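Novice: Sequence and predicted model, in that order:
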Amino acid sequence: MSHDDARPTARGGFLSRAAVLGVYLPALVFELGMGAVAPVVAVRAGELGADLATAGVLAALLGVGQLLGDVPAGALASRVGDRAAMLVASAVAVVALAGCALADRVGLLAVAALALGATNAVFMLARQSYVTGITPVLYRARALSTLGGVGRIGVFLGPFLGAAVMHLTDTTGAFWLAVVTTALAVVVLLAVPDVEGPQHRRGPRASVLAVAREHRHVLLTLGAAVLLVGAVRGARQQVVPLWGEHLGLAPATTSLVYGVAGALDVLLFYPAGRVMDRRGRLAVAVPSMLLVAAALLVLPTTSTAAGLAAVAVLLGAGNGVSSGLLMTLGSDVAPPGERSAFLGVWRLLQDSGSAAGPLVVSAGAALGSLAAGVLAAGTLGVAAAGALARTVPRWSVHASRRTRLAAGLRPDGRPAAPGGTAA
């Protein structure tokens, strides 16, 4: 079961000043920068002389860097503390972004992009661990889904700000914009006091490998479900533009459809967290995966822009209501004394799934059937729902109202009255 004691003893709270200024504001400005540069790396590579294939590889290095950085991120945050890790990540990101802007050769741009992806891994893990430490467990899902939503807002708005700056300057303007926003994150982190307990700022008692070995059972069971959810989410991001291209839609039409789905992602994060806090994690986990799976399985039957838009809305809704789900589950089961190290391995599973999902769709397309790739992704969604339903109750006290009652809590997760019953 979960490592939580289910008591709201942590300092701070949901949308406390410490959370807003110490995490949410830095996360927003950091992700604004990442959102601004993500679409531009390949463009800048082309300007430096890279061919189309090489430019695509450079764009992928952001994700590769994040994958490579997940486990070291956990080790760093365990050693120096979550807030310090966010500061280190932001400071290194400023250097990496400046390197992207100043690079005059493809090789230098590649190194800077890889480093930027790694800093993103550190920042994302550290902010999750920090929010977990300062937020009462009763508000954990709302706090983490809001954190996920803030990140999505930044990634959603970043390309628009980047485009505006590039219109006035050139391609490097997006990188300089990100330098400014990331430097602002550093300033905020330095200005806001750290309210996390000292027990989370000491050196690690065990290596990341030792933590993974000790908690291998949860990582091999619930972690497998996390891998599947990550794969479904990764595939979801790819199928709409690919199917729009398959239907011969104008790029502007496909972009509009994709944007509508992205807007739903942004709008639904708070209701998702509230439901998880009040009714348990499974109340969101299983329905969201089934909704995404159903949309993916229906997608190959569409042949018009309207049909694609309807499916995109379902995909956006399904993904939006699962905002913060994997962060919440990871925080539920993370051992308190080694939280950051554990979450490093947890995020590696999540990011590995996100990287593998698009490959499933691409494999179908490469074999001559994009529809088969989409259907395979939909099947993964059904498998993810089943894996969550089976494994979450085993490991998290907050899986459902039933597991909370069995643990002696009220159905909403609050401690039962002394001398009374959980009901």
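Specialist: Right, received. Where do you want to start?

Novice: which of the residues in the helix or strand hosting residue 159 are buried?
Specialist: Assigned by DSSP states H and E, residue 159 falls within helix 140-168. Applying a neighbour-count criterion of 16 or more other CB atoms under 10 Å, one finds 140-159, 161-162, 165-166 buried in helix 140-168. (Glycine included, C-beta is placed from N, CA and C.)

Novice: And stretch 117-129, by the same measure?
Specialist: 117-129.

Novice: So which of those residues sit within helices?
Specialist: Judged by DSSP state H, the buried residues of stretch 117-129 include 117-129 as members of helices.

Novice: Can you pull out the low-pLDDT segments for the stretch 301-423 of the chain?
Specialist: In the predicted model, the stretch 301-423 of the chain carries pLDDT under 70 at residues 417-423.

Novice: What are the boundaries of the helices in the stretch 301-423 of the chain?
Specialist: Assigned by DSSP state H, counting those that start in this stretch, the helices in the stretch 301-423 of the chain fall at 305-320, 325-333, 339-366, 370-395, 401-406.

Novice: Return the most buried member of those helices.
Specialist: With neighbours defined by mean count of other CB atoms under 10 Å, none of the helices of the stretch 301-423 of the chain is more surrounded on average than helix 325-333, at a mean of 27.

Novice: angle of that one against helix 339-366?
Specialist: Taking axes from the mean of the first three to the mean of the last three CA atoms, to 10 degrees, one finds helix 325-333 and helix 339-366 inclined to each other by 150 degrees.

Novice: Could you pull up the mean pLDDT of the helix holding residue 159?
Specialist: Average pLDDT, helix 140-168: 91.

Novice: just checking, what packs against it?
Specialist: Judged by 3 or more CB pairs under 8 Å, 6 or more residues apart in numbering; DSSP states H and E, helix 140-168 is in contact with helix 25-37, helix 106-134, helix 172-191, helix 251-267, helix 269-279, helix 325-333.

Novice: Verify the stated contact: residue 224 with residue 390.
Specialist: No. Applying CB atoms under 8 Å, one finds residue 224 not in contact with residue 390, separated by 10.0 Å.

Novice: Next one: the spatially closest residue to residue 47 that is not a sequence neighbour from residue 379, what distance?
Specialist: Distances taken as CB to CB, 6 or more residues apart in numbering put residue 171 closest to residue 47, at 6.0 Å, once the chain neighbours are dropped. According to CB to CB, to the nearest Å, residue 171 and residue 379 sit 40 Å apart.

Novice: Would you format the helices and strands packed on helix 140-168 as CSV with distance to residue 63 included?
Specialist: Listed next are the helices and strands packed on helix 140-168 as CSV, based on distance: least, CB to CB, whole Å:
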stretch, distance to residue 63
helix 25-37, 12
helix 106-134, 6
helix 172-191, 17
helix 251-267, 18
helix 269-279, 22
helix 325-333, 17
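
Novice: Endpoints of stretch 133-148, how far apart?
Specialist: Counting by CA to CA, to the nearest Å, you get 16 Å between the two ends of stretch 133-148.

Novice: list the contacts for the residue nearest to residue 47?
Specialist: Listed by CB atoms under 8 Å, 6 or more residues apart in numbering, the contact partners of residue 171 are 40, 43-44, 47.

Novice: measure it to residue 101 for me?
Specialist: According to CB to CB, residue 171 and residue 101 sit 9 Å apart.

Novice: Residue 247 too?
Specialist: Distance of residue 247 to residue 101, given as CB to CB: 37 Å.

Novice: ok, now residue 329?
Specialist: 38 Å.

Novice: got it, and residue 59?
Specialist: Counting by CB to CB, the gap from residue 59 to residue 101 is 16 Å.

Novice: what's the answer for residue 277, then?
Specialist: 42 Å.

Novice: Same check on residue 240?
Specialist: Distance, residue 240 to residue 101, by CB to CB: 31 Å.

Novice: Nearest to the middle of this protein, which residue? Look it up for me.
Specialist: In the chain, the C-alpha nearest the mean C-alpha coordinate belongs to residue 148, at 6.4 Å (CA atoms, centre = their mean).
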